[in-house]
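Undergrad: Quick one: sequence plus predicted model below, questions after.
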Amino acid sequence: MDPNRSIYNLAIHKHPLFPSARFFLGECAGCHVKEHIYGGYICNEPCCYGLFHKECAEAPPEINHHPSHLEHPLLLTNDSQPKDSPCDCCGKNLLSPCYTCPTCEFKVDLICGMKPSPPAIEHPMCHDHSLVFLKKREVEVPCDACKESIGGPSYSCLECIHVYFHLDCVHLSKEMYHPCHPSHPLEVAEESKKSCYFCAARPKVLYHCSICNFSVCFGCTKHPPPLVVEDPKTHKHPLSLFASQISFTCNRCGTESNDPKPYICVKCNFVVHGNCIDFPRIININRHDHRISFTYHPGRRGPRGTRCGFCWGAVSQYYGAYVCSVCPDYTVHSRCAVYLHVWNGVDLEGTPERSEDIAPFKVVGHNLIRHFSHSKHTLRLVEDIVNIHDVYESIRCGACVSPVGFGPPIYACGNWECHFFLHEKCANFAIKKRLVFRTAPYMLECGDDAAIYCQMCGMLCDGFKYTSQGVTPRHCVDVHCSSLPEPFVHNAHSHPLLNRRITNIVCRACKKRLSNDNVLGCYACNFFLCLYCATLPKKILHMSSDDEHPLTLYYGEKSNGTSWCGVCESELDPSYWLYTCSECGVALHVQCAFGDFSRLKPGRIYNFGERDYKVVLNSGNTRPFCSHCHSRCKVPFILRDKSKDNGCICSLSCLSIGLGNIRFLGSGLFGSRSDLGGSESLGS
């Protein structure tokens, strides 16, 4: 952080808090009210996202002579309270932080502690009669002022039937002057088609000036934006709110806008959106491994112009952006960089950068390395493996658990009894890496002791995995998904694909409808791929094809011809992605080519539930029947139940049924151990 900015250790929060001129729409971590917050406090700890109103952050640690509890002092506490524990003043469920009495069981929430509501108001501004305070009701009622529902405590009129008001609404008059509109008074009006000048909300009732067509909601009258902002991080001079609608380009984010509430410096011809004030200066984002810094003058970076590292759109060289000092071509739009799912919320200005050794191996000789995952022996670079079926399935990479493929070089252990191999690419996976799935960094871990269910692609995997740090629960991603670059260039589409978490789209390859999943997509062409299909290899060898003929991934198109899968012998839909051989005519479904257990290590025994299952190659002359779906097992790898004779499992869904409908979610770890008998084949 900027050493000139104050740091406060306040009783309201466990971490130090920093005053901020930033404009937020969010929930205050103190009073838990969601609204626009101007000039509050923020927490700079990773993944905390603590945001506070100024008055909430500065809540006193002790209150003496509270109107509802004069006997003892009340102490501010951050201890979690039971959800069914109500506030003794308003009756709402108590949330932390709150005020409690150390002597007795009296407790109140933060608002009732700092600003207790009087039991009665004799001359309210919103009504002609006296009002009395009521605790939270069982049934919600409408507020007579704003017409919105009242879910908490309220004020009620004893003379009028069914007249209630929000605690804040009792202070609203029928006519008022607003500091941003001093020319004419504003009157309460039911203008359902009008939107608030400041927050763009469309409430049922608001304040309105018919002369100027100026409207403001009740919330923005209670907490108006400041008329002047002084923030050296944004501009060297004070910035004034310009309360008129103008067309401008924000100097901070470079976005053209008709925003009615920009902040300006007339002296410097500087204009900025309110919510672009106080952007952080130095940050880490989950799209890049180096720090990026804000600058008002990014210049032209790269031979073909500047592209944003998040949205891949053009970046102007004349307006603010984030740039990397290490990578000369890497730039990110200001607003793209500070999205909550991209940035971890930490401003690194004033925090020294510590160099970390993230190399996964040490070079110990010519073409010799000692890898962290296999430190007992050295690994040698091998470039002359013959690509035949005899070694295709038996030699698998210890990181991605895929066959060594069609192109060494690979690294092999000098002790052949270890049977340990790594693709050259997999051997170079960094120990620590930032991934697009979370804002916290991930650490590379070996998969020797457990298999994981990768939530990104839905596959069980026993190779290396990246595990998120500093967040609970841990998030595990296999190396197939974690090695996808962004933007991702795929032969199936002419445009780069970006990683996004979106809802209700269909994967172009497998036609699966995805809900709130990470996908790779091109929005301009409505082209999307799930992460599993995006990681499919372009070429494979399969037991159904001739030794000399690899199968190539076919990206699907409309066809009048009819073809059949060489494994399940059912008709193929050419609009789905398939594996085909143009020479021998073999064609396979993707699922038939791999199955659900292709990323588990052959010959290894895994414990699911209370049973041990061994991964076996389904290459016999006769295919066994699955114990649960009772169909013949068609996929190349299946599970054999060690406690049953011929008890086989063909898919993840059948395994789930066999375990009592257990769903494999999150970063579930499943124990594993090698069988002394090594790999085997059923039915041979």
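TA: Ah, there it is. Residues are numbered from 1 along each chain as shown.

Undergrad: centre of the chain versus the longest helix seen in the chain, how much separation?
TA: Secondary structure assigned by DSSP state H gives helix 652-658 as the longest helix of the chain. Relative to the chain's own centre, helix 652-658 is displaced by 29 Å; criterion: CA atoms, centre = their mean, to the nearest Å.

Undergrad: Could you tell me which residues within it count as buried?
TA: Residues of helix 652-658 classed as buried: 652, 654-656, 658 (neighbour count, 16 or more other CB atoms under 10 Å). From N, CA and C alone the C-beta is placed, and that goes for glycine too.

Undergrad: would TSV of those with pLDDT be doable?
TA: Listed next are the buried residues of helix 652-658 as TSV, based on pLDDT from 0 to 100:
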residue	pLDDT
Leu652	88
Cys654	89
Leu655	86
Ser656	80
Gly658	60
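
Undergrad: Closest one of these to Glu62?
TA: For the buried residues of helix 652-658, the closest approach to Glu62 (CB to CB) belongs to Ser656, at 54.5 Å.

Undergrad: how close does the closest one get to Leu460?
TA: Noted for Ser656: a distance of 11 Å to Leu460, by CB to CB, to the nearest Å.

Undergrad: need the helices for the stretch 301-450 of the chain, in chain order.
TA: Under the criterion DSSP state H, counting those that start in this stretch, the stretch 301-450 of the chain contains helices at 334-337, 389-392, 424-427.

Undergrad: actually the stretch 451-600 of the chain, not the one I typed
TA: 479-482, 531-534, 590-594.

Undergrad: any idea how far Ala509 is from Tyr555?
TA: Look at Ala509 and Tyr555: by CB to CB, they are 8 Å apart.

Undergrad: Show me which of those two is the more surrounded one.
TA: Ala509 (23 against 14; other CB atoms under 10 Å).

Undergrad: isn't that one right up against Tyr576?
TA: Yes: the criterion here is CB atoms under 8 Å, and Ala509 meets it with Tyr576 at 7.0 Å.

Undergrad: which residues do those two both contact?
TA: Common neighbours of Ala509 and Tyr576, counting by CB atoms under 8 Å, 6 or more residues apart in numbering, are 556, 590.

Undergrad: The closest residue to Phe214 other than its chain neighbours pairs with what?
TA: In space, and not counting its chain neighbours, Phe214 is closest to His181: 5.1 Å by CB to CB, 6 or more residues apart in numbering. Note on His181: beta-bridge partners by DSSP bridges are His178.

Undergrad: Contacts only, for His181.
TA: By CB under 8 Å, 6+ apart, His181 lies in contact with 209, 212, 214, 216, 243.

Undergrad: Out of those residues, flag the one nearest to Ala21.
TA: Taking CB to CB as the measure, Ala21 sits nearest to Ala243 out of the contacts of His181, at 18.3 Å.

Undergrad: I'd like the secondary structure assignment at the closest one, please.
TA: Classification of Ala243 using DSSP: H, G, I helix; E, B strand; the rest coil returns coil.

Undergrad: My read is that it contacts Tyr263, right?
TA: No: judged on CB under 8 Å, Ala243 makes no contact with Tyr263 at a distance of 10.6 Å.

Undergrad: who has more neighbours, these two?
TA: Set Ala243 next to Tyr263 and count neighbours by other CB under 10 Å: Tyr263 wins out with 29 against 18.

Undergrad: Tell me how far the more buried one lies from Val271.
TA: Using CB to CB, Tyr263 is found at 7 Å from Val271.

Undergrad: quick one: common contacting residues for these two?
TA: Phe242.

Undergrad: which residues sit against stretch 638-658?
TA: Here stretch 638-658 makes contact (CB under 8 Å, 6+ apart) with 458, 460, 595-597, 605-606, 608, 611-616, 618, 624-629, 631, 633-635, 662-664, 682.

Undergrad: Just the buried ones from these?
TA: Buried among those (16+ other CB under 10 Å): 458, 460, 595-597, 605-606, 608, 611-616, 618, 624, 626-628, 633-635, 664, 682.

Undergrad: So which of those residues sit within strands?
TA: Among the buried ones among the contacts of stretch 638-658, the members falling in strands (DSSP state E) are 460, 605-606, 608, 611-616.

Undergrad: Return the closest of these with respect to Cys522.
TA: For these, the nearest to Cys522 is Leu460 (29.5 Å; CB to CB).

Undergrad: What's opposite that closest one in the beta bridge?
TA: On the basis of DSSP bridges, Leu460 is bridged to Tyr453.

Undergrad: Distance of it relative to Arg396?
TA: As for Leu460, its distance to Arg396 is 15 Å (criterion: CB to CB).

Undergrad: How about the contacts made by the residue lying closest to Cys90 once chain neighbours are set aside?
TA: In space, and not counting its chain neighbours, Cys90 is closest to Pro153: 3.9 Å by CB to CB, 6+ apart. Counting by CB under 8 Å, 6+ apart, Pro153 makes contact with 89-92, 117, 133-136, 167.

Undergrad: Next one: Pro153, what pLDDT does it get?
TA: We have a pLDDT of 93 for Pro153.

Undergrad: got a pLDDT number for Leu676?
TA: pLDDT recorded at Leu676 is 35.

Undergrad: which residues touch the closest residue in space to Leu51 that isn't next to it in sequence?
TA: Distances taken as CB to CB, 6+ apart place Gly26 nearest to Leu51, at 5.2 Å, with adjacent residues excluded. Contacts here follow CB under 8 Å, 6+ apart; on that basis Gly26 touches 34, 37, 51.

Undergrad: Using a markdown table, lay out those residues together with pLDDT, neighbour count and secondary structure.
TA: Formatted as a markdown table, the contacts of Gly26 follow (pLDDT from 0 to 100; neighbours: other CB atoms under 10 Å; DSSP: H, G, I helix; E, B strand; the rest coil):
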| residue | pLDDT | neighbour count | secondary structure |
| --- | --- | --- | --- |
| Lys34 | 89 | 10 | strand |
| Ile37 | 90 | 23 | strand |
| Leu51 | 92 | 22 | strand |
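
Undergrad: State the mean pLDDT of stretch 158-168.
TA: Across stretch 158-168, pLDDT averages out at 91.

Undergrad: residues of that stretch that come out buried?
TA: Buried residues in stretch 158-168 (16+ other CB under 10 Å): 163-168.

Undergrad: next one: stretch 96-105
TA: Buried residues in stretch 96-105, counted by 16+ other CB under 10 Å: 97-101.

Undergrad: Among those, which lie within strands?
TA: Cross-referencing the buried residues of stretch 96-105 against strands under DSSP E gives 98-100.

Undergrad: Of those residues, which is the nearest to Val404?
TA: Nearest member of those to Val404, counting by CB to CB, is Cys98, at 60.3 Å.
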